[in-house]
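# fold the stuff below for me.
(chains A and B)
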Amino acid sequence: MKKEITFRLNRKDYTIEVDPGARMIDVLRDQLNLRGTKEGCGVGECGACTVVIDGKAVTSCLVSAAQMDGRDIMTVEGLSETEIGSILQKCFIQYGAVQCGYCTPGMLMSAYALLLHNDNPTREEIRDAIAGNLCRCTGYVQILDSIEKARDEYLAKA
Amino acid sequence: MTTYTIGKSTDRIDAEAKVTGKAVFGDDARFPNMLYCKGVYAEYAHAKILSIDTSEAEKMPGVACVVTAKDIPGEKMFGELYIDQYPIADDMTRYLGDVVAVVAADTQAQANAAAKRVKVSYEPLPVLTVPEAAIGNEQVINPDYPDNICGGVHALKGDIDKSLRESDIIVEGHFETQFVEHAYIEPEAVTVIPSPMRPEVTVLGTLQAPYNARISIHRCLNVPMSQIIIRPSAIGGSFGGKIETAEAMSVRASLIALKTGRVAHYKLTREESIVESYKRHPINFDLQLGADKDGYIKGLKVKAIGDCGSYINMSPPVAYKVATLGPGPYRMDSLDYDCQMVITNNNHTGSMRGFGTPQAIFALENAMDMLAEKVGISPLEIRRRNLLANGDVSPCGHLLDFHEVSIRSCMEKAVKELDYERKYAEYKEQNKDPKRRIRRGVGIATTMRGASVGADGNGYDVSRVLIEVLPDGNVHVNLGLVEIGQGLRTTQAMMAAEGMGVSLEHVTMGETDTSRAPITGACIASRGTFVGGMAIRDCCDKIHKIMAEAVAKVYKKPVDDIVFENDRVRFADMDISFQDAVNACYSCDVNVTPTAVGTYYVPMLKWDGHTGEPFYTYTYSCHVAEVEVDLDCGTVEIIKMVGCHDMGRSINPIMADGQIYGGMAMAEGMAIFEDLGLDRKTGRLKNTNYENYIIPTAMDVPENVAIRNENPDPRSAFGGHSLGEPATEPGVGAITCAINMALGKAGYIRSLPADIDRVFFAGQELFGEKEA
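Sure, this is the predicted structure:
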């Protein structure tokens, strides 16, 4: 049975009909055609499908469509429109955080959620924030560097 | 050599698409009226297939078709070197990742539901999962190999018996390594688009070796090669892993697309990916290392047995690298390195970053530490005494007189960065206290990596590139060596800019497309930058000749001394822009085409098992690791790793560093975490997703350090040779040597992974339980 849900996604309002038991990642990818959010494991372990819901980084493979109702959601497609997001994207490119790029959207969303609440995180806090995002290419060092650079740049602007 | 583009860190050309979510990966393709596929997996690792009943599945809602091996019109098998893999199992299952039928339906949910209704009856056969037991077993898995041994390599130099007889010290050990998953974060996915006009398919997806995929589809489905168009998507990590499995999927999905006339989309779940995909070879080593009383190596004798699993895949060439590179970068009088590969009913094993050597180096480097312990010198000193230098002969008989043999400087730079000598002395002293429960250790491992394929691939080590210079001065490169995350597209663009003498903004890179880029050897064996660069250089030289001819006609000047550099073209007393030279080509009275195909093949290498050239050139590498071991918990914390590599020349330094950091993290996973949980009774893997198959997270990987020790290689067009595999190669050895130092006994843990159980029990055995 379909259910109507209303939510804010990437700063736009949506009202759509969903199968309430569907996974959020499938709603994003197949119903809304936002395929920047990636699936890596389907069990909430790899973090590739991380999105930000009401300011918190969440793995969208473990969220049901019904749980999207009334929420404020941000995905990688909306990041460029935000100040923190666009700085993160620039620094990810510049400081070598991107290799294959498959973990990148989720990694960016975790970093975005961190900087939303803490504009001056330590390297250890950054490490903690991306602990749920697996990356097999980079060995994480340049990802941590990039988020630190983004933090510094965001702080300098603020 | 002055360079304008290479050697400078440049943003990746694909990074913007990847940070905005726009990059299209394997599972991202969507088309109207698309079918979704689902494979039905074998229920037994080894069984005769008696019958397959698809009738019930075919009646399920939304189902367009169900295909089995009977539907394959051409050959039933494919393979890269050995044609023995079944895209759909025919009369037998040989491992639990065999697919016996594929269902295609309007939605994924419908396909999944219908796949459960395919009924297969089997006659189970004995399951062989232990290589040593499979050798000569009456149960034969592949009748072409009646002893279940599919191949091997025996490297022999000197008189090993004499060397061991004359040795003052011989260390011996049995070492074992595990299956390792590539663990690319993106599972395999392909999408096949059939042409309405002719028997033609366009295959999108996670294909590391597109020209090999083309051959496989051609072989199995009888479609002309020109009408199989492979266009790899953005690939979410591969590490050697998205070759055969993705090809088998391409054959299945192409079969469905041709049969139905509809687009077929086929992705694996993580569990399916782990169940079906090939792994890193588990290899068991029985090793004897002989040296004089001062620790100078006299000879190395190794008997290595690798588990090649159900299909041969890359096992013989893996054996080649084990036997030729497993002896490390050390001087020795004699060598007897025998590596055999055994067919079992486990997952087949194939290309994975390092290709056999991380395993071999793990065994060798722990034996080196055992030797140092017996001589009474440090692990650093034993290596200083034995490492190769310029003009030395490698363990396999290669006279190293053609480039800088930089292994010593790699090691010295790495140990200096870690402050190894001070830490070694300090921890050695601390570890003398048997009551100490938290113990530290440091470890070193060194390697020499043969660039590209080697003498066992003589004649096949080819690369080709098509470059067109268009009327607007745009240098357009079509190269089939695939971007798999390592940054190869960007590197290729930089080399093309350098080679053509233009700035990077004038270079564009075509997406890999087998109908556009000429056939080339695959992006494997850390050969992409090396042989790709050589083909680019050849191509640029050819185009320069064409352009020189044009400017000579237009400007009526001699062009013998023509130079293309930094967007300028200079000849005689002229200094014109590159665009002017392009205009000359396309001018009405000249009309030549500044387009060419560049080709490079590695010279034929002569290696007879003991002398000659097993490889064309080498990358030298050293990893050092510092660890902390908690005897009461069994945990190992990696405090820091340093990777120092001589990649010849780094084309893009920040990306080269990225390879090194990533390689070290991959080695960490193999050394201390990763275990697929193989059930030897059934051949079933227990750890088929990331909740159980543990790869390093940001919390596990420390502040590692990457060092580039660049010595441009005269055997490479742009000075660069391999880095991708070397970046992982020594790490497992360095980490395990450090763990064993912390345990106070060189070579104590000899089985991988050195995980919480092994380390805990090692602590109990060596030091007993904690005193109350």
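# what about B:Gly391, distance to B:His398?
From B:Gly391 across to B:His398, the span is 12 Å (C-beta to C-beta, to the nearest Å). From N, CA and C alone the C-beta is placed, and that goes for glycine too.
# neighbour count: those two, which is higher?
Using other C-beta atoms under 10 Å in any protein chain shown, the more surrounded residue of B:Gly391 and B:His398 is B:His398, with 25 against 9.
# my read: the more buried one touches B:His610, true?
No - contact criterion C-beta atoms under 8 Å: B:His398 and B:His610 do not qualify, at 10.3 Å.
# can you list contacts of stretch B:765-772?
Stretch B:765-772 has contacts (C-beta atoms under 8 Å, 6 or more residues apart in numbering or on different chains) with B:Pro434, B:Lys435, B:Arg437, B:Leu631, B:Asp632, B:Leu743, B:Gly744, B:Lys745, B:Tyr748.
# save those as CSV, and put in pLDDT too.
Converted to CSV, those look like this (pLDDT from 0 to 100):
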residue, pLDDT
B:Pro434, 94
B:Lys435, 95
B:Arg437, 97
B:Leu631, 97
B:Asp632, 96
B:Leu743, 98
B:Gly744, 97
B:Lys745, 98
B:Tyr748, 98
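# name the nearest of those relative to B:Phe285.
Distances from B:Phe285 to these, taken as C-beta to C-beta, are shortest for B:Tyr748 (15.7 Å).
# quick check: closest non-adjacent residue to the closest one.
Nearest non-adjacent residue to B:Tyr748, counting by C-beta to C-beta, 6 or more residues apart in numbering or on different chains: B:Asn740, 4.9 Å away.
# look up how far chain A lies from that neighbour.
Relative to chain A, B:Asn740 is positioned 23 Å away (C-beta to the nearest C-beta, to the nearest Å).
# tell me where chain A has helices.
With DSSP state H as the criterion, chain A has helices at A:24-26, A:83-94, A:104-117, A:123-129, A:141-157.
# hmm, the last one touching chain B?
Right, the one you point to is helix A:141-157. Yes - looking at helix A:141-157 against chain B by C-beta under 8 Å from any C-beta of the partner chain, the contacts come from A:Val141, A:Gln142, A:Ile143, A:Leu144.
# helices or strands next to that helix in the packing?
helix A:83-94, helix A:104-117, helix A:123-129, helix B:653-672 (3 or more C-beta pairs under 8 Å, 6 or more residues apart in numbering or on different chains; DSSP states H and E).
# ok now that helix, how far from the chain's centre?
17 Å (C-alpha atoms, centre = their mean, to the nearest Å).
# run the angle between it and helix A:104-117 for me.
40 degrees (axes from the mean of the first three to the mean of the last three C-alpha atoms, to 10 degrees).
# got the buried residues for helix A:141-157?
Buried positions in helix A:141-157, judged by neighbour count with 16 or more other C-beta atoms under 10 Å in any protein chain shown: A:Val141, A:Gln142, A:Ile143, A:Leu144, A:Asp145, A:Ser146, A:Ile147, A:Glu148, A:Lys149, A:Ala150, A:Arg151, A:Tyr154.
# contacting residues around the last one?
By that I understand A:Tyr154. The neighbourhood of A:Tyr154, defined by C-beta under 8 Å, 6+ apart, consists of A:Glu83, A:Ile84, A:Ile87, A:Leu115, A:Asp119.
# show the buried residues in those residues.
A:Ile84, A:Ile87, A:Leu115.
# what about the nearest residue to B:Glu725 once chain neighbours are set aside, is that helix, strand or coil?
Nearest residue to B:Glu725, sequence neighbours excluded (C-beta to C-beta, 6+ apart): B:Ser526, at 4.4 Å. Judged by DSSP: H, G, I helix; E, B strand; the rest coil, the three-state class of B:Ser526 is coil.
# which non-adjacent residue is nearest the residue in the stretch 101-250 of chain B that chain A sits nearest to?
In the stretch 101-250 of chain B, no residue comes nearer to chain A than B:Gly236, which is 2.9 Å away by C-beta to the nearest C-beta. Counting by C-beta to C-beta, 6+ apart, B:Glu186 is the residue found nearest to B:Gly236 once chain neighbours are left out, at 2.4 Å.
# helix or strand for the one you found, which one?
Under DSSP states H and E, no helix or strand contains B:Glu186.
# check contacts around it.
Contacts of B:Glu186 (C-beta under 8 Å, 6+ apart): A:Lys38, A:Gly40, A:Ala48, A:Cys100, A:Tyr102, B:Phe25, B:Gly26, B:Asp27, B:Thr206, B:Ile235, B:Gly236, B:Gly237.
# mind checking which of the residues you listed are in strands?
Nothing among the contacts of B:Glu186 maps onto strands, per DSSP state E.
# contacts only, for the residue of the stretch 401-550 of chain B at minimum distance from chain A.
Closest to chain A within the stretch 401-550 of chain B is B:Gly485: 2.7 Å, counting by C-beta to the nearest C-beta. B:Gly485 makes contact with A:Gln99, A:Cys100, A:Gly101, A:Tyr102, A:Cys137, B:Ile235, B:Gly236, B:Gly237, B:Ser238, according to C-beta under 8 Å, 6+ apart.
# would a markdown table of those with distance to B:Asp98 and pLDDT be doable?
Below are the contacts of B:Gly485 laid out as a markdown table (distance: C-beta to C-beta, whole Å; pLDDT from 0 to 100):
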| residue | distance to B:Asp98 | pLDDT |
| --- | --- | --- |
| A:Gln99 | 32 | 98 |
| A:Cys100 | 28 | 98 |
| A:Gly101 | 32 | 98 |
| A:Tyr102 | 27 | 98 |
| A:Cys137 | 30 | 98 |
| B:Ile235 | 24 | 98 |
| B:Gly236 | 25 | 98 |
| B:Gly237 | 24 | 98 |
| B:Ser238 | 22 | 98 |
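# need the residue closest to the centroid of chain A.
A:Met109 (2.4 Å; C-alpha atoms, centre = their mean).
# now B:Tyr211: closest residue in space that isn't a chain neighbour?
Nearest to B:Tyr211 is B:Ile519, by C-beta to C-beta, 6+ apart, at 5.1 Å.
# burial of the one you found, as a residue count?
Neighbours around B:Ile519, by other C-beta under 10 Å: 14.
# and it, how far is that from B:Tyr460?
12 Å.
# of the contacts of B:Gly485, which is the nearest to B:Gln579?
Of all the contacts of B:Gly485, A:Gly101 has the smallest distance to B:Gln579: 33.5 Å, by C-beta to C-beta.
# any idea how far the closest one is from B:Ile185?
Distance of A:Gly101 to B:Ile185, computed by C-beta to C-beta: 10 Å.
# contact partners for whatever residue of chain A ends up closest to chain B?
The minimum distance from chain A to chain B, using C-beta to the nearest C-beta, falls at A:Gly36 (1.9 Å). Residues counted as contacts of A:Gly36 (C-beta under 8 Å, 6+ apart) are A:Thr75, A:Val76, A:Glu77, A:Pro105, B:Thr20, B:Gly21, B:Lys22.
# quick check: phi and psi at the nearest residue to B:Asn346 once chain neighbours are set aside.
Distances taken as C-beta to C-beta, 6+ apart put B:Gly309 closest to B:Asn346, at 4.4 Å, once the chain neighbours are dropped. Per-residue torsions, B:Gly309: phi 70, psi -150 (degrees, to the nearest 10).
# B:Gly309 contacts B:Asp98, doesn't it?
No - with contacts counted by C-beta under 8 Å, B:Gly309 stays clear of B:Asp98, the gap being 11.3 Å.
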